[in-house]
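Colleague: kindly generate the corresponding structure for this input.
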Amino acid sequence: MPQASQRKNPEEEAGTMPSSSDHVGSPRQGLAASDNAPPLPRFDSASMGLERHNPRLREVLPVIGILCVFALFAFMTWAHWGNLRVDCGREMYVPQELANGRLLYRDVWYPYGPLAPYWNALLFRLFGTSLYVLYASGLCITLAFALTFYAVSCRVSSAWVAFVAVMCFLMQAFHPGLFNYVLPYAYGSTLGSLLGLLTLLFLMRHTRRESGQNLFWAGTCAGLTLLTKWEFGLACYATLGAAILADLWLKKNRPEFVSNIKKALPGVLIPIIGYGVFVWKLSLTFFIRDSFSREFYVQWSRRQGFRFLPGETLRLIALLMLCFLVWMVVAQIIKWIIQSHIHPLLWFVLLASLLAALHLKWGAYFPLAIFYASRYFLAPKGMFWLAAAVLVRTALRAKKTEEPSRDLELFVLVFYALAVGIRILANVEMANYSIYYNTGLYLIFFLILWEMGFRMWRFPDERRRQAVSNVLIGLAGLGLMTAYYPWRVMPTAPFHSTRGLIYSKPDEAAMFPAVVQFMQLEKREGKTVLIVPEETSLYFFAGVEAPTRWYMIHPYILDPEWKEKEYIRGLEARKVDYILFSNRSNAEYGFPFFGIDYNQAVYQWIQDQFEITGEFGHFARETPENFAMLIYRRRGETSKPPELAIKMSRPATFDEPPLLR
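Modeller: Purely as a prediction, here's the structure:
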């Protein structure tokens, strides 16, 4: 990495201003530059004249901006997070049962580590069982991640690049639907990503020899991460090991190497004790038998991007090169604008106004066009391979540098981004499952984009070179906001319950009150109700315990066949009275419909032991489906079947109950 410039301004020589080499917010040097390239300047408030008025203003302003955007997004998307029918229901129901004294894994099936559900169960015990408690938990995790991500980004970039990167994260975090950070498909993903980022921050502090027990805390956070989701924990320990080994490789100091291992080792006790308690209570055989099949992990991982196909990889790299070619053209246009002696901010305002006008004129078609363009130019899917190239370059530069701590810091960041991002290797995007694994890759993309703009044009005035880079980053951020702003596809129908408010699709919001009322009425009469195949949130809203530890049965959960038999025996033992059979499609797993494409034995048992007595909505197996449920009653039951008066044309109200008995 190039050394810091030896030239100092008069303030630096007088000792009244920190040198650029000591500035925390300076852009990372040498990501794609030659060994003899001049150092990159920093883009901070000192260059804008703000530091003369208040030295701390440059540190406070971006944080204030992050807090304001966080509050704005939380207000505009309030209660629009999550999905009533799928995995979010598990994240509601499992903590409820744990708060009631049930044991995870034995009494309640759960596919991830125990930290997240027990954390939310503790919050339920302290503040009551409510959706708002989950919202508060998710918002705290989101804000903590945003501030930590900003701190990490500022160590290798300018405050401007870090701010734009955090804005992109917040766009993802508050996106409505299943994949977000407030009410996500799995709190293990959000909590794991936060703990992983904290692990990275402590490791970066260690590489710069900053004060504190950084390795100890890095090991502690890594140990906690293993209790959330395994992929985050393994990525943390891989990065921890890489940082310690890289330190040994560069400095050849074996005593320090042994000392570093000892400092990080205590954190391993956390997952050993955490999982050891459950193994002691349930046995190792229980966990082995209870885990997903290998086929599920392979198929699901490949669908989410964890695959390496030579042809696909070459295509992704080619598209990545095309992406940077387009940005070079954009940089050339920016250069021409700057040379026209018109203030760049004015051009930026004009461009933003043009985009807003196009959006108003074309409505939803304009952001949709930006969205598809973003897949190639704003959020290229080949970013993983860009980060891999940066990792190799950084390692080689660190070996040649007398003081490699800065390069080692960048090496640790890029390694962690790759270790986490390998989960979405061929499918990096700013939506869906990818949002829990892509933040490091986006930061590296912005760093390369910033440096490309700075290196391309040799303006005599350094500020003009900075302006090109900063406008490039601003355009990238503006484009991503246009394509992915979270309130573009928000659900519109409110579902009010005693557990809180959540917005959903109109058919779901209309039917859920009736189903909840039915379950509560049957509970008061001592009846047992089972829901298949999913819709676990209904147990949560009704305050009803599922009659089996397998409260949801999408494909692969009851695989192999012996699990189906155990599932049926458990239901026979609990004497289930009613089964609510939904038309939920599991097309994302490759097996759409329960009873037809998977778990035929369970479906046959239902047909043999139960009979249809009614329905909620209009039941039809189709994709996409409008929410509907069949009501199955055990054969021989003498109680009067419910008479349903539910119309999809109007939602249920308290004045006219949708369920008439």
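Colleague: which residues touch the residue positioned nearest the centre of the chain?
Modeller: Geometric centre of the chain, nearest residue: Tyr436, 2.6 Å, by CA atoms, centre = their mean. With contacts taken as CB atoms under 8 Å, 6 or more residues apart in numbering, Tyr436 has the following neighbours: 179, 184, 189-190, 192-193. From N, CA and C alone the C-beta is placed, and that goes for glycine too.
Colleague: report the separation between it and Ala173.
Modeller: To Ala173, Tyr436 is 10 Å away according to CB to CB, to the nearest Å.
Colleague: what ranges does the chain have for its strands?
Modeller: For the chain, the strands defined by DSSP state E cover 493-497, 500-504, 529-532, 578-582, 610-616, 629-634, 643-644, 659-660.
Colleague: which one of those lies closest to Ile64?
Modeller: strand 500-504 (29.4 Å; CB to CB).
Colleague: partner strands of that closest one and their direction?
Modeller: If you go by DSSP bridges, strand 500-504 pairs up with strand 493-497 (antiparallel).
Colleague: which parts of the strand it pairs with are buried?
Modeller: Neighbour counts over strand 493-497 (16 or more other CB atoms under 10 Å) mark 495, 497 as buried.
Colleague: out of the strands of the chain, nearest to Glu91?
Modeller: Closest to Glu91 of those is strand 500-504 (CB to CB; 12.5 Å).
Colleague: pLDDT (mean, whole number) over that closest one?
Modeller: The average of the pLDDT scores along strand 500-504 is 95.
Colleague: which other residues reach it?
Modeller: With CB under 8 Å, 6+ apart, strand 500-504 has contacts from 79-84, 130-132, 135, 176, 183, 490-495, 509, 512.
Colleague: tell me which residues in that strand are buried?
Modeller: Residues 500, 502-504 are the ones in strand 500-504 that count as buried (16+ other CB under 10 Å).
Colleague: how about it as CSV, C-alpha atoms only?
Modeller: Included here for strand 500-504 are C-alpha records, laid out as CSV according to Å, rounded to 0.1, in the frame of the first residue of the first chain:
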residue,chain,number,x,y,z
GLY,A,500,-50.6,-5.8,18.1
LEU,A,501,-51.0,-4.4,14.6
ILE,A,502,-49.5,-5.7,11.4
TYR,A,503,-50.2,-5.0,7.8
SER,A,504,-50.7,-7.8,5.3
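Colleague: centre of the chain to that strand, how far?
Modeller: From the chain centre to the centre of strand 500-504 is a distance of 21 Å (CA atoms, centre = their mean, to the nearest Å).
Colleague: for stretch 585-594, same thing?
Modeller: Distance of stretch 585-594 from the chain centroid (CA atoms, centre = their mean) equals 23 Å.
Colleague: list the buried residues in it.
Modeller: By neighbour count on 16+ other CB under 10 Å, the buried set for stretch 585-594 is 585-586, 589, 591-594.
Colleague: gap between the two ends of that stretch?
Modeller: Using CA to CA, to the nearest Å, the end-to-end distance of stretch 585-594 comes to 8 Å.
Colleague: quick one: low-confidence ranges for the stretch 1-150 of the chain?
Modeller: For the stretch 1-150 of the chain, applying pLDDT under 70 flags the ranges 1-55.
Colleague: what about the helix ranked longest in the chain, distance to the chain center?
Modeller: Using DSSP state H, we find that the single longest helix of the chain is helix 310-339. The chain centre lies 27 Å from the centre of helix 310-339; the measure is CA atoms, centre = their mean.
Colleague: okay, the buried residues of strand 500-504 in CSV with distance to Val268 next?
Modeller: As requested, those are arranged in CSV below (distance: CB to CB, whole Å):
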residue, distance to Val268
Gly500, 39
Ile502, 39
Tyr503, 43
Ser504, 42
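Colleague: closest to Val349 out of these?
Modeller: Checking the buried residues of strand 500-504 against Val349 by CB to CB gives Tyr503 as the nearest, at 33.9 Å.
Colleague: tell me how many other residues surround Asn626.
Modeller: A count of nearby residues for Asn626, using other CB atoms under 10 Å, gives 17.
Colleague: how about Asp407?
Modeller: Counted with other CB under 10 Å, the neighbours of Asp407 add up to 25.
Colleague: which residues touch the residue nearest to Ile141 when sequence neighbours are not counted?
Modeller: Nearest in space to Ile141, with sequence neighbours left out and distances taken as CB to CB, 6 or more residues apart in numbering, is Thr190 at 5.0 Å. Neighbouring residues of Thr190 by CB under 8 Å, 6+ apart: 116, 138, 141-142, 145, 181, 184, 436.
Colleague: repeat that with 10 Å
Modeller: 91, 116, 137-138, 141-142, 144-145, 173, 180-184, 228-229, 435-436 (CB atoms under 10 Å, 6 or more residues apart in numbering).
Colleague: what about the helices in the stretch 251-400 of the chain?
Modeller: According to DSSP state H, counting those that start in this stretch, the stretch 251-400 of the chain carries its helices in the segments 254-264, 269-282, 284-290, 294-304, 310-339, 344-362, 365-377, 383-400.
Colleague: which one of the ones you listed is the most hemmed in?
Modeller: Stretch with highest mean neighbour count among the helices of the stretch 251-400 of the chain: helix 383-400 (a mean of 19; mean count of other CB atoms under 10 Å).
Colleague: how many neighbours does the closest residue in space to Val468 that isn't next to it in sequence have?
Modeller: Distances taken as CB to CB, 6+ apart put Gly453 closest to Val468, at 4.3 Å, once the chain neighbours are dropped. Residues contacting Gly453 under the criterion other CB under 10 Å number 24.
Colleague: just to revisit the earlier point, for Leu61, state which of the buried residues of strand 500-504 is nearest.
Modeller: So of the buried residues of strand 500-504, ranked by how close each gets to Leu61 (CB to CB), first place is Tyr503, at 33.6 Å.
Colleague: picking that back up, and the residue nearest to Ile141, how close does it get to Thr439?
Modeller: According to CB to CB, Thr190 and Thr439 sit 12 Å apart.
Colleague: got any residues that touch both of these two?
Modeller: Common neighbours of Thr190 and Thr439, counting by CB under 10 Å, 6+ apart, are 145, 173.
Colleague: ok, Val544 - contacts?
Modeller: Counting by CB under 10 Å, 6+ apart, Val544 touches 93, 96, 516, 519-520, 522-523, 528-529, 531, 538.
Colleague: Ile631 touches Ile612, doesn't it?
Modeller: Yes - the pair Ile631 / Ile612 is scored as a contact, 6.9 Å apart, by CB atoms under 10 Å.
Colleague: who's more crowded, those two?
Modeller: Neighbour totals were compared for Ile631 and Ile612, and Ile631 leads with 22 against 14 (other CB under 10 Å).
Colleague: quick one: buried residues of stretch 618-635?
Modeller: Under the neighbour-count criterion of 16+ other CB under 10 Å, stretch 618-635 has 619, 625-634 buried.
Colleague: gap between the two ends of that stretch?
Modeller: Distance across stretch 618-635, first residue to last, is 23 Å (CA to CA).
Colleague: wait, isn't Ser157 in contact with Leu447?
Modeller: Yes - with contacts counted by CB under 10 Å, Ser157 reaches Leu447, the gap being 5.7 Å.
Colleague: quick one: Glu295 from Phe591, how far?
Modeller: 11 Å.
Colleague: any shared contact partners between those two?
Modeller: Joint contacts of Glu295 and Phe591 (CB under 10 Å, 6+ apart) are 555-556.
Colleague: measure Phe540 to Val133 for me?
Modeller: For Phe540, the distance to Val133 equals 12 Å [CB to CB].
Colleague: so the two - more neighbours on which side?
Modeller: Remark: of Phe540 and Val133, Phe540 carries more neighbours, 25 against 18, as counted by other CB under 10 Å.
Colleague: which non-adjacent residue is nearest the more buried one?
Modeller: Distances taken as CB to CB, 6+ apart put Met92 closest to Phe540, at 3.9 Å, once the chain neighbours are dropped.
Colleague: kindly report the same for Phe202.
Modeller: Once flanking residues are discounted, Phe202 sits nearest to Ala218: 3.8 Å by CB to CB, 6+ apart.
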